[in-house]
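Q: Sequence and computational prediction follow.
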Amino acid sequence: MKIVVIGGSGLIGSKLVNTLRGRGHDALAASPSTGVNSITREGLAEAMDGADVVVDVANAPSWEDQAVLDFFQTSSRNLLAAEAAAGVRHHVALSIVGSERLPDTGYFRAKVAQEALIKASGMPYTIVRATQFSEFAGGIVQSFAVGEEIRASPALIQPIASDDVVAALVDVVLAAPVNGTVEVGGPETMPIDELARRYLRATQDNRKVVPDVHARYFGAVLDDQSLVTGEDARLGAIRFDDWLVRSTAQ
């Protein structure tokens, strides 16, 4: 099976390509660095030629509100048009759990817009919504920094290791389109301020963590449902503390 991975040079994409190749599939790592650009359409038609499945795990180079919206809309329109022309049978896109619940964040609004384009395209599709990656914990913690303190929201978060995201994506890619959304999340939830304490302790950072219900998560005020999966979600196997041990050892 030929599988085109858009964003194939990134964190998720590179792992996905390697896993699919290990299973004997023809997985193409498609990104600007390999001559495939979903914004300019450079190399897009050639990449799609003979493809059975396209997996979009690309990320925007800028998180500024308008720039990220333009990126996901332009990229998705170009991908879906190229896929339709090439007869691709399954479009898989990686999105974020809770996107529609956080309209105050430009990145989440852009992911909702991307999902809308996919649903309206007529292409057979599966949207995989994942919770926040464990690999992003450092950036999440730092986003709450105020002076020498981390003033973090106590709302629940459900970190998932990228390896668990890739495992879920592989299963989706090799299955039939569901023409709907699949949720994947980490095996446990915890308050964000607790995640911050664990992360700082593991990285030997002595800053104090202060829970703050008014602290904004990239512009959005959270509650305990904002960032966690629903009842029917697939849960990963790698707990956050185990991921911390492994990542700090590396």
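A: It's in.

Q: Check which residues of the longest helix seen in the chain are buried.
A: Longest helix in the chain by number of residues (criterion: DSSP state H): helix 65-86. For helix 65-86, burial by neighbour count (16 or more other CB atoms under 10 Å) applies to 68-72, 75-76, 78-83, 86. No exception for glycine: its C-beta is placed from N, CA and C like everyone else's.

Q: Residue 112 is in contact with residue 69, correct?
A: No: applying CB atoms under 8 Å as the test, residue 69 and residue 112 come out as separate, 9.8 Å apart.

Q: Averaging pLDDT per element, find the lowest-scoring helix or strand in this structure.
A: The least trusted helix or strand in the chain, going by mean pLDDT, DSSP states H and E, turns out to be strand 220-221, with a mean of 91.

Q: Give me the residues contacting that one.
A: The contact list for strand 220-221 (CB atoms under 8 Å, 6 or more residues apart in numbering) reads 102-105, 108, 153, 214, 226.

Q: Let me know the next secondary structure element after that strand.
A: Using DSSP states H and E, the next helix or strand after strand 220-221 towards the C-terminus is strand 234-235.

Q: Need the contact partners of that following strand.
A: Here strand 234-235 makes contact (CB under 8 Å, 6+ apart) with 168, 182-187, 229.

Q: make it 10 Å
A: By CB atoms under 10 Å, 6 or more residues apart in numbering, the surrounding residues in contact with strand 234-235 are 128, 130-131, 158, 160, 164, 167-168, 171-172, 182-188, 229.

Q: Now which of these would you call buried?
A: If we count by 16+ other CB under 10 Å, those have these buried: 128, 130-131, 158, 160, 164, 167-168, 172, 182-187, 229.

Q: Tell me the one of those nearest residue 19?
A: Of all the buried ones among the contacts of strand 234-235, residue 167 has the smallest distance to residue 19: 7.9 Å, by CB to CB.
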